[in-house]
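*Asks:* below are the sequence and a predicted model; questions follow.
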Amino acid sequence: MSFFERYLTLWVALCIVVGIALGHFFPGVFHGIGTAEVAHVNLPVAILIWLMIIPMLIKVDFAALGRVREHWRGIGVTLFINWAVKPFSMAALGWLFIGYLFKPYLPADQINSYIAGLILLAAAPCTAMVFVWSNLSDGEPDFTLTQVALNDSIMVFAFAPIVGLLLGISAITVPWETLLISVGLYIVVPVILAQIVRTMSLSRDGPAGLKKLLARLQPVSLIALLSTLVLLFGFQGEQIIAQPLIIALLAVPILIQVYFNSGLAYLLNRVTGEAHCVAAPSALIGASNFFELAVAAAISLFGFSSGAALATVVGVLIEVPVMLSVVKIVNASKGWYESGAAVQRSGKVFTRVR
C-alpha cells in the first residue's frame with residue numbers, strides 16, 4: 001500500500017478537523033461552493049469526483065469479462081453478496097440501528113437521510129482498493145480483475161434501481177431525475193473516459209506506460225478525495241460539534257455489515273469448494289464499498305449538509321482499518337479454510353484435470 005493509502009484513516013481524521021475549522025471561520029466561501037450547481041449537480045464536487053473515480057477505473061480491464069467461467073463459483077458467490085445481500089442487509093441494519101435503537105440520540109430531521117446514506121454506501125461494490133486487499137491476501141489476480149470488471153458493468157444498470165427500491169421502501173422520496181443524472185455523471189461517463197485513456201496509454205506506451213500513468217494519477221485521486229471531505233465537513237461542522245457521537249453511532253451498522261458480508265462470502269466459498277486464493281478476495285470484494293460513488297451520489301441527491309453525505313463519509317473514515325482487519329482474518333484462517341471437505345475434494349479434482 002502507498003503511504004497515502006496506508007494512513008487514509010489519519011488523513012480523513014485531519015480532514016474532519018480542517019473542514020470544521022474552515023467552515024467555522026469562512027462560512028461564506030462554503031456557501032458559495034454549495035450554490036455552484038447545475039441541475040442539482042454541484043460543479044466543484046463533480047470535478048473532484050471525476051478526479052477520484054477516473055484513475056481507479058483506468059485500472060479495470062473489461063476484456064477480463066471473457067474469463068468469467070474460470071472462477072465461476074467465486075464469481076457467483078461474490079455477485080450474490082454484492083447485489084442480493086449487501087444493499088438489503090445494510091438497509092435492514094440502518095432501519096434497526098438508526099431508525100430505532102439510536103433514534104433518540106440523533107437529530108430527528110436527519111434520521112431518514114442517515115439511512116439513505118448507508119444505503120448509498122452499500123449499493124455499489126468497491127472498484128479500486130480491492131486490488132490492494134486482494135494483493136495483501138495473496139488473492140488470485142485474474143479473479144479479482146474479472147470480478148471488478150463484472151461488478152462495474154452491472155453497476156451501470158443496477159445502481160439506480162437498487163437505490164430507488166430501498167429508498168422507496170424506507171419511505172424516502174426518490175429524486176429519480178437527480179439519481180439518473182448521478183449514475184450518468186459518476187458511473188457511465190467516468191467508465192467511458194477511463195477506458196479511452198487506458199486504451200490510448202496501452203497503444204502508445206504498452207503495459208509499462210500504463211503502470212507509470214496509474215502511479216502518477218493515484219495521488220491525484222486521493223487528494224481529490226480528501227479535498228471533497230474537507231468540503232463536506234465544512235458544511236457538517238456545526239452538527240458534528242453539537243453531537244459528536246453521530247460518527248460513532250453511524251459507524252456501528254457499517255462495521256456490522258462489513259464483517260457479516262465478508263464472513264458470509266468466505267463461508268459460501270468454502271462450502272462450494274473454491275480455492276482460498278479466490279475466496280479471500282471474494283470476501284473482501286463482498287464487504288467493501290465504492291465510497292467515492294456513494295459520497296458523490298449523496299451530495300447530488302441530498303446536499304452537502306445532509307445526513308446522507310455524512311453517513312457516506314463515515315464509511316470512508318473506517319474503510320482502511322476495517323478492511324485490513326478482514327485481510328488479517330482471511331490470512332490467519334487459511335489453514336482452517338483449506339481443511340474443509342469441499343475444498344479438499346475440489347483440489348483433488350483440479351489436480352486430476354491438470
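*Replies:* That came in fine, so what should we check first? Residues are numbered from 1 along each chain as shown.
*Asks:* residues touching stretch 193-206, excluding its own?
*Replies:* 50, 53-58, 60-62, 209-210, 212-213 (Cβ atoms under 8 Å, 6 or more residues apart in numbering). The C-beta positions use only the backbone N, C-alpha and C, and glycine is treated the same way.
*Asks:* show me these that map onto helices.
*Replies:* Those of the contacts of stretch 193-206 mapping onto helices are Trp50, Ile53, Ile54, Pro55, Met56, Leu57, Ile58, Gly209, Leu210, Lys212, Leu213, per DSSP state H.
*Asks:* my understanding was that the fourth one contacts Gln218; is that so?
*Replies:* Yes - counting by Cβ atoms under 8 Å, Pro55 sits close enough to Gln218 to count as a contact (6.3 Å).
*Asks:* more neighbours: the two, which one.
*Replies:* When neighbours are counted by other Cβ atoms under 10 Å, Pro55 and Gln218 differ, and Pro55 comes out ahead with 23 against 17.
*Asks:* what's the closest non-adjacent residue to that one?
*Replies:* Excluding the flanking residues, the one nearest Pro55 by Cβ to Cβ, 6 or more residues apart in numbering is Leu217, at 3.7 Å.
*Asks:* for that neighbour, which residues are in contact?
*Replies:* For Leu217, the contacting residues are Ile54, Pro55, Ile58, by Cβ under 8 Å, 6+ apart.
*Asks:* pretty sure Ala294 sits against Ala124.
*Replies:* Yes - counting by Cβ under 8 Å, Ala294 touches Ala124, with 6.9 Å between them.
*Asks:* quick one: the nearest residue to Ile98 once chain neighbours are set aside from Pro244, how far?
*Replies:* Nearest residue to Ile98 in three dimensions, chain neighbours excluded: Tyr114, at 4.9 Å (Cβ to Cβ, 6+ apart). Distance, Tyr114 to Pro244, by Cβ to Cβ, to the nearest Å: 15 Å.
*Asks:* more neighbours, the two?
*Replies:* Tyr114 (27 against 9).
*Asks:* which of the contacts of stretch 193-206 are buried?
*Replies:* The neighbour-count criterion (16 or more other Cβ atoms under 10 Å) marks Trp50, Ile53, Ile54, Pro55, Met56, Leu57, Ile58, Val60, Phe62, Leu210, Leu213 among those as buried.
*Asks:* look up which helix or strand Ala309 falls in, please.
*Replies:* helix 307-332 (DSSP states H and E).
*Asks:* where does the stretch 1-150 of the chain have low pLDDT?
*Replies:* 1-5, 38-41, 128 (pLDDT under 70).
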